[in-house]
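Q: next come a sequence and a model predicted from it.
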Amino acid sequence: MTAFLSYIRGSLEELHLVRWPTQQQAVRLTLIVVGFIAVSAAFFGLVDAFLVEIIRTTFRS
C-alpha cells in the first residue's frame, strides 16, 4: 500500500511541474484539431463515394 501512495504522491508532484497551455492556446489547438478532422472526414467521404461508384459501375452487368 505504501508503494501505491508513493506513486500517487509522485504523480501529483509531477502534475504540479507541468506547464499547462493558456486558454487561448488550448482553444487555438482545439480548433486546429477539429479543422483537421473535418478536412480528413470530407476527404475520406469523397474517396469512399468515388470507390462506391467504381464498384457499382464495375459490377453493373
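A: Perfect, I can see it now.
Q: top helix in the protein by residue count?
A: helix 23-59 (DSSP state H).
Q: ok now it, how far from the chain's centre?
A: 13 Å (C-alpha atoms, centre = their mean, to the nearest Å).
Q: ok, stretch 13-30 next?
A: Relative to the centre of its chain, stretch 13-30 is centred 17 Å away, using C-alpha atoms, centre = their mean.
Q: what's in contact with that stretch?
A: For stretch 13-30, there are no external contacting residues (C-beta atoms under 8 Å, 6 or more residues apart in numbering). All C-beta spots, glycine's among them, are computed from the backbone N, C-alpha and C.
Q: pLDDT on it, on average?
A: Averaging pLDDT along stretch 13-30 gives 96.
Q: buried residues in stretch 12-20?
A: Residues of stretch 12-20 classed as buried: none (neighbour count, 16 or more other C-beta atoms under 10 Å).
Q: how far does that stretch sit from the chain's center?
A: Distance, centroid of stretch 12-20 to centroid of chain: 23 Å (C-alpha atoms, centre = their mean).
Q: and it, C-alpha only, in CSV?
A: Taking Å, rounded to 0.1, in the frame of the first residue of the first chain, the C-alpha atoms of stretch 12-20 are listed here in CSV:
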residue,chain,number,x,y,z
LEU,A,12,0.8,14.7,-8.2
GLU,A,13,4.2,16.3,-7.8
GLU,A,14,4.9,15.8,-11.5
LEU,A,15,1.5,17.3,-12.4
HIS,A,16,2.5,20.5,-10.5
LEU,A,17,5.6,20.8,-12.6
VAL,A,18,3.7,20.6,-15.9
ARG,A,19,3.5,23.8,-17.9
TRP,A,20,-0.2,23.8,-18.9
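Q: confidence score at residue 43?
A: For residue 43, the model assigns a pLDDT of 98.
Q: burial count for it?
A: Residue 43 sits with 10 neighbouring residues when counted by other C-beta atoms under 10 Å.
Q: what does the one 5 residues further on give?
A: Other residues near residue 48 come to 10 when the count uses other C-beta under 10 Å.
Q: quick check: it vs residue 30, distance?
A: Distance, residue 48 to residue 30, by C-beta to C-beta, to the nearest Å: 26 Å.
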